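Asker: Let me see the structure of the following:
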Amino acid sequence: MGNSVFIISLLLTLIFIVWGVFFTDNLAKVTNTIYNGSIDYLGWVYLGVTLFFVIFSIYLLFSKYGDIRLGRKTDKPDFNTASWLAMLFGAGMGIGIVYWSVAEPVTHYTTPPYGEPFTVEAANTAMKYTFFHWGLDPWAIYTVIGLALAFFQYNKRLPAAISSAFYPILGDRIYGPIGKTIDVLSIFATVFGIATSLGLGAMQVTAGMHEIFGIPNVLFVQLIVIAVATVLFIISINTGLEKGIQYLSNAAMILSFAIMLMILIVGPTLTIIKVLFNTTGLYISDFIHMSLRLTPFGKGEWIASWTLFYWAWWIAWAPFVGMFIARVSRGRTVKEFVIGVLIVPTLGTCLWMSIFGGSALEIVQNTGSRDLAMYITKNVSLSIFTFFDYLPLSSLLSILGFAVVTIYYITVADTATFVLGMLSEGGTLNPSNKIKMTWGIIQSALAAVLLLAGGLNVLQTASIAAALPFAIIMIVMSFSLLKGLKSEVEVHRSNKRNMHHSKS
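Answerer: Presented below is the predicted three-dimensional model:
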C-alpha cells in the first residue's frame, strides 16, 4: 500500500526535475501564474487560516484536553526536554533563522511596509514585522499539524501518515485514493520545500567558505557543497534518529547559544535588551492588526512578497515539520506539547532576532551609510558574515556561524529524508535506510539541478503554490483533531464510570 504512494511521488518529482531543467522558463511562467493568482485573489485565505491556527493552538493549551497524553497513559517521553526542543527547533526553523536574522530586519528598514525608510520608526517597524513573521504564526501551524499527527499515531494507533489525521472525518477511506492523494501531496510539498532549503543553504555555506577561507563563491563550489553534504547526511541517516539527528540538533543548539551569548556580550548589549522589550510590546499590541493587514485601496506588494509569502512557505513546510515533531513527541501531554512547540520556540526566536536584528540595525544606523544596508539586502546569503565583520572577535564568530549553518544544513536534510521515508513506506516509524537514501539523493539532485538551471526561485514558487490546497486540508485537520480529542475525553469518562460501577 505504502509502495504506490512512494512510486507516484517519485514519478511526479522526476517529471518536475525534467521540466525544471529543460523548460526552466516555461516552469517559471506556470508556477508564477499560479502563485500570483493565489496571492492576489486568495491572500486573505492565508491570513485568516494562519490567525485561526494561532487562536486554535492557544485554545488547546488552556482547554480540558490539556492533560491528554500522546500515547498510552504510561508512555514516558522518548527524548529529554532539551533534546526534544533542540530537534523540533532545528527541523522547524534551523537554517532559515540563521539565513534571515540579519537580512530581514535590515531589508524592512530600507523598504518598510509603511512610513519613511532609514528612520527610527522604520527600525521599530522592521523589528516588529521580523518577530511577526518568525513568531507565533509559523509555530502555530506546526503545533496544529504536529499535534494532530501525534494524536492519531499514538492514541488511535493509525499509521504515521498525513492522511491518518482525517480518520474521524473519512474513516477507512484514508486507506483509499483520497488518503493516498493527501499523502502524495504532502510528500510533494516536502520534497520541494526541502530542495529549496538545501539550495539556499548551499549558497550560504559557500558564502561562508568564501568569507572565512577565501574559497571562490561560484556555482561549481555550491554543487560540491551539496555533494559533500549528501555524503555526510547519508552517514548520519544510517545512525538513526536517536544518535544522528539528536546529536546534530544538540550541537547546533549549543553553538547557537554560544554565538548569542558572545554577541550579547561584545555587541551593543543595552540596545539588544531594549529591542527585545520594545519589540515584544509592539508585537503583542499590533498582533491582530498585522495578522489581518491587507491594502484594499493601495498596492499590496509588500504584504504579498513578505507576510503572504511566509505564511504560504510555513504551510508548505508543515507536513514535513509536523511529521517530524510528532515522531519525537510521544509521551508528552497536549499542554506540554503546545508549550514546547508554540511558546518556547517563539520566545527563543524573538530573543535570537533581537540579538542579531537589533545589533545589525544599530550598526547600520551607527555607520550612517546607506551603502551597508543596501549591501546586506542585496547579498542575503552573506549577510550574517558581513554583520560579524563589524563586531569584535569577528573571525571566531564567523567560524562558529559557519559551523551552525553547516550543522543545521545537514540536520534539515537528515530530518527530511527520515520523514519522507516514513511517508512513503506507509507510515512506518522507522523507515528503511534504502528508502531514506533514495530520497536523500533525489533531494540533493533536485537542489543541484535547480541551482544549475537558475531555478531556485521557481522551486520556491512551486512549493508555495502547493500550499493553498494544503492550507484548506489543515483547516479540516483541526476539526478532525477536535473530534478525536473529544472522543478521547469521553472514553476516559466512561472508563472511570465503569470502574466506579464495578467497585460499587
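Asker: residues in contact with the nearest residue to Val45 once chain neighbours are set aside?
Answerer: Nearest residue to Val45, sequence neighbours excluded (C-beta to C-beta, 6 or more residues apart in numbering): Ala471, at 6.5 Å. C-beta here means a position set from N, CA and C on the backbone, and glycine is covered the same way. By C-beta atoms under 8 Å, 6 or more residues apart in numbering, the residues touching Ala471 are Val45, Tyr46, Val49, Ala312, Ile315.
Asker: Give me the subset of the residues you listed lying in helices.
Answerer: Taking DSSP state H, the ones among the contacts of Ala471 that sit in helices are Val45, Tyr46, Val49, Ala312, Ile315.
Asker: what residue is smack in the middle of the chain?
Answerer: When C-alpha atoms, centre = their mean is applied to the chain, the residue found nearest the centroid is Gly92 (3.7 Å).
Asker: and the residue nearest to it when sequence neighbours are not counted, what does it touch?
Answerer: Leaving aside its sequence neighbours, Gly92 sits nearest to Val321 (C-beta to C-beta, 6+ apart; 5.0 Å). Residues counted as contacts of Val321 (C-beta under 8 Å, 6+ apart) are Leu88, Ala91, Gly92, Tyr142, Ile145, Gly146.
Asker: Now the buried members of those.
Answerer: Neighbour-count burial (16 or more other C-beta atoms under 10 Å) applied to the contacts of Val321 gives Leu88, Ala91, Gly92, Tyr142, Ile145, Gly146.
Asker: re the thing from before, now flag whichever of the contacts of Ala471 is closest to Phe62.
Answerer: Proximity of the contacts of Ala471 to Phe62 (C-beta to C-beta) peaks at Val49, which lies at 21.3 Å.
Asker: Once you drop chain neighbours, what's closest to the closest one?
Answerer: Ala471 (4.8 Å).
Asker: Which of the helices or strands spans Phe320?
Answerer: Secondary structure assignment for Phe320, by DSSP states H and E: helix 309-327.
Asker: Next secondary structure after that helix?
Answerer: That would be, after helix 309-327 and using DSSP H and E, helix 334-338.
Asker: quick one: which helix or strand includes the closest residue to Ser163 other than its chain neighbours?
Answerer: With sequence-adjacent residues excluded and distances taken as C-beta to C-beta, 6+ apart, Ser163 is closest to Gly179, at 3.5 Å. Using DSSP H and E, Gly179 maps to helix 177-213.
Asker: again with Leu391
Answerer: Here Leu391 is assigned to no helix or strand, by DSSP H and E.
Asker: quick one: buried residues of the host helix or strand of Ala373?
Answerer: For Ala373, the element it lies in under DSSP H and E is helix 370-378. Under the neighbour-count criterion of 16+ other C-beta under 10 Å, helix 370-378 has Leu372, Ala373, Ile376, Thr377 buried.
Asker: And for stretch 409-429?
Answerer: So, applying 16+ other C-beta under 10 Å, buried residues of stretch 409-429: 409-428.
Asker: any idea how far the helix holding Ala373 is from the chain center?
Answerer: Centroid separation for helix 370-378 versus its chain: 26 Å, with C-alpha atoms, centre = their mean, to the nearest Å.
Asker: What segments of the stretch 351-500 of the chain are helices?
Answerer: 359-367, 370-378, 383-389, 394-424, 433-452, 456-465, 467-503 (DSSP state H, counting those that start in this stretch).
Asker: And for Gln222, the neighbour number?
Answerer: 24 (other C-beta atoms under 10 Å).
Asker: Settle this for me: it is touching Gly201, isn't it.
Answerer: No: between Gln222 and Gly201 there is no contact under C-beta atoms under 8 Å: 9.8 Å.
Asker: next one: phi and psi at Arg69?
Answerer: phi -90, psi 140 (degrees, to the nearest 10).
Asker: which residues does it bridge with?
Answerer: Per DSSP bridges, the residues bridged to Arg69 are Thr333.
Asker: confidence score at it?
Answerer: On pLDDT, Arg69 comes in at 94.
Asker: Give the buried residues for stretch 379-397.
Answerer: 380-388, 390-391, 394, 397.
Asker: Check stretch 277-284 too.
Answerer: Neighbour-count burial for stretch 277-284 [16+ other C-beta under 10 Å]: Thr279, Thr280, Leu282, Tyr283.
Asker: which two in these are spaced the farthest apart?
Answerer: Farthest apart among these - using C-beta to C-beta - are Thr280 and Leu282, which lie 7.5 Å from each other.
Asker: what's the overlap in contacts for the two?
Answerer: Common neighbours of Thr280 and Leu282 (C-beta under 8 Å, 6+ apart) are Phe131.
Asker: residues touching Ala312, list them.
Answerer: With C-beta under 8 Å, 6+ apart, Ala312 has these contacts: Ser38, Ile39, Tyr46, Ile464, Ala467, Leu468, Ala471.
Asker: Report the angle between the helix holding Ala373 and helix 359-367.
Answerer: Here the directions of helix 370-378 and helix 359-367 differ by 150 degrees (axes from the mean of the first three to the mean of the last three C-alpha atoms, to 10 degrees).
Asker: Run through who's touching helix 370-378.
Answerer: 102-103, 106-107, 109-111, 118, 360, 363-364, 383, 386-387.
Asker: Now list the buried members of those.
Answerer: 102-103, 106-107, 109-110, 118, 360, 363-364, 383, 386-387.
Asker: Same list (those residues) but as TSV, adding distance to Ile325 and pLDDT.
Answerer: TSV is the format used below for the buried ones among the contacts of helix 370-378 (distance: C-beta to C-beta, whole Å; pLDDT from 0 to 100):
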residue	distance to Ile325	pLDDT
Val102	27	95
Ala103	26	94
Val106	31	97
Thr107	29	96
Tyr109	33	96
Thr110	35	96
Phe118	40	94
Ala360	30	96
Ile363	35	94
Val364	36	94
Ser383	28	91
Thr386	33	92
Phe387	30	94
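Asker: Put the alpha carbons of stretch 454-470 into PDB.
Answerer: Output of stretch 454-470 as PDB, limited to C-alpha atoms (Å, rounded to 0.1, in the frame of the first residue of the first chain):
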ATOM      1  CA  GLY A 454      18.900  29.100 -12.000                       C
ATOM      2  CA  GLY A 455      15.600  27.800 -10.900                       C
ATOM      3  CA  LEU A 456      15.700  28.100  -7.100                       C
ATOM      4  CA  ASN A 457      13.100  30.900  -7.100                       C
ATOM      5  CA  VAL A 458      11.000  28.800  -9.500                       C
ATOM      6  CA  LEU A 459      11.100  25.900  -7.000                       C
ATOM      7  CA  GLN A 460      10.200  28.200  -4.100                       C
ATOM      8  CA  THR A 461       7.300  29.400  -6.100                       C
ATOM      9  CA  ALA A 462       6.200  25.900  -6.900                       C
ATOM     10  CA  SER A 463       6.300  24.700  -3.300                       C
ATOM     11  CA  ILE A 464       4.300  27.700  -2.200                       C
ATOM     12  CA  ALA A 465       1.700  27.300  -5.000                       C
ATOM     13  CA  ALA A 466       1.200  23.800  -3.500                       C
ATOM     14  CA  ALA A 467       0.500  25.400  -0.100                       C
ATOM     15  CA  LEU A 468      -3.000  26.700  -0.800                       C
ATOM     16  CA  PRO A 469      -4.700  23.300  -1.100                       C
ATOM     17  CA  PHE A 470      -2.700  22.200   2.000                       C
END
